[in-house]
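Trainee: here is my input, please return the structure:
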Amino acid sequence: GSVHEMAGPEVSSAEDLAGLLALAAGAPGPRVVGYWGELSERGGLDVVRELGLAGAGGDLFCDGAFGSHTAALSTPYRDRPETAGNLRFDTGSLVEHLRACTRASLQAGFHCIGDAAVDQVLAAVAAVVEELGRDAVRVCRHRLEHVEMVSDAAIEQLRDWGMVASVQPAFDAAWGGASGMYAERLGVERAAGCNPLADFVDAGVAVALGSDAPVTPLDPWGGVHAAIDHTTPGSGLRPFDAFDAATHGGWVAARAEHPEGPLSVGAPADLALWATSETLSAVLAARARPTCRQLVVAGDLIGDPR
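Mentor: Numbers count the residues shown, from 1 in each chain. Predicted structure coming up:
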């Protein structure tokens, strides 16, 4: 019943985002949580404030993608050793963006796939922690999109600074494994370390599952299954952790969770009625895909229950 729209000047326009938010607000339907990925020095925070968005991030492209050899790596690509990808911003610009967001108690977000991009963003966060304090940074719950290559030390920093890992399990399902695109680009050993979902959860990092649609399909059940059935043994999530990250995790990622929990009195009435007689444990164990019979968003009934 809710989607996070990662807009930005490189993928859409402020007018397009404003139109989407107006459409979502004008009639019963999915809740749209809007983000705008543009640096503060380029006026990005002005758009966030004008449209009342959840944060200044999302598709703020700190690097590219593995497929195009543009994700920024600490060491070169296996199949193209003359390149290690590209960082797209100076670290100083990221520091300024994080500083501006933190001072305004706004959530910042960054697209970072390669480990060099992750480390650059975390170096910028460290600078702002030093300047404004750890508590000020933790309140903002800054988020990383994709965060596919990440060291143990970086995971500890994410936890310590209260950051969110917004991840896409379908990436591993599509490109992971010893013969997948990750292995072709990175080599089998490095590929096996990509998308370490269990490491995030075990370290206490907040995790939200997404799709990055249209890169991979808008398929929440498929994302849950892919998170459980990770191609690298030991990297997948426990079934209930995967389901939680695909549901409540989205609220946590947007800093919008109810303090008493999602099914408490006063929490938003966002509910799904599934056409199954099985328990959630059985559904997850069977990798089932029950049909949604009725959706409730903020108390409004969506769709025909028949």
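Trainee: what comes up buried for the helix ranked longest in the chain?
Mentor: Counting residues, the longest helix found in the chain (DSSP state H) is helix 115-132. Judged by neighbour count (16 or more other C-beta atoms under 10 Å), helix 115-132 contains these buried residues: 115-122, 124-125, 127-129. For the C-beta atoms, the positions are set from N, CA and C on the backbone; glycine is no exception.
Trainee: now that helix: how far from the chain's centre is it?
Mentor: Distance of helix 115-132 from its chain centroid, counting by C-alpha atoms, centre = their mean, to the nearest Å, is 18 Å.
Trainee: one more: stretch 229-246?
Mentor: For stretch 229-246 - counting by C-alpha atoms, centre = their mean - the centre lies 15 Å from the chain centre.
Trainee: which residues does it contact?
Mentor: Residues from elsewhere that reach stretch 229-246 (C-beta atoms under 8 Å, 6 or more residues apart in numbering): 169, 172-173, 176-177, 180, 192-199, 201, 207-209, 220, 223-225, 227-228, 280-281, 284-285, 287.
Trainee: for PyMOL, write a command that selects the buried ones of those.
Mentor: Filtering the contacts of stretch 229-246 down to the buried ones (16+ other C-beta under 10 Å) takes a single PyMOL command:
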select buried, resi 169+172+173+176+177+180+192+193+194+195+196+197+198+199+201+207+208+209+220+223+224+225+227+228+284
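Trainee: picking up where we left off before, let me know the average pLDDT across the longest helix of the chain.
Mentor: Confidence for helix 115-132, expressed as mean pLDDT, is 98.
Trainee: go on, stretch 219-230?
Mentor: Stretch 219-230 shows a mean pLDDT of 97.
Trainee: quick one: residues contacting Val164.
Mentor: Val164 neighbours (C-beta under 8 Å, 6+ apart): Arg141, His142, Arg143, Leu144, Val205, Ala206, Val207, Ala208, Val252, Ala253.
Trainee: now do the buried residues in stretch 251-265.
Mentor: Neighbour counts over stretch 251-265 (16+ other C-beta under 10 Å) mark Trp251, Val252, Ala253, Ala254, Arg255, Glu257 as buried.
Trainee: contact partners for the third one?
Mentor: For Ala253, the contact set (C-beta under 8 Å, 6+ apart) comprises His4, Arg141, Arg143, Val164, Ser166, Ala206, Ala208.
Trainee: rerun that using 10 Å as the cut-off
Mentor: Contacts for Ala253 were tallied using C-beta atoms under 10 Å, 6 or more residues apart in numbering; they are 4, 33, 54-55, 107, 109, 141, 143, 145, 164-166, 206-210, 245.
Trainee: separate out the buried members of those.
Mentor: 4, 33, 54-55, 107, 109, 141, 143, 145, 164-166, 206-210, 245.
Trainee: in helices, which of those fall?
Mentor: Ala245.
Trainee: the residue nearest to Leu51 when sequence neighbours are not counted: which element?
Mentor: Of all residues not flanking Leu51 in the chain, Ala18 sits nearest, at 5.8 Å (C-beta to C-beta, 6 or more residues apart in numbering). If you go by DSSP states H and E, Ala18 is part of helix 14-26.
Trainee: pull out the buried residues from that helix.
Mentor: Applying 16+ other C-beta under 10 Å to helix 14-26 flags Ala14, Leu17, Leu20, Leu21, Ala24 as buried.
Trainee: got TSV for those residues, with distance to Gln157 and pLDDT too?
Mentor: Shown next, in TSV, are these (distance: C-beta to C-beta, whole Å; pLDDT from 0 to 100):
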residue	distance to Gln157	pLDDT
Ala14	32	96
Leu17	30	97
Leu20	33	97
Leu21	33	97
Ala24	34	93
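Trainee: nearest to Arg293, of those?
Mentor: When these are ranked by distance to Arg293 (C-beta to C-beta), Ala24 comes first, at 22.3 Å.
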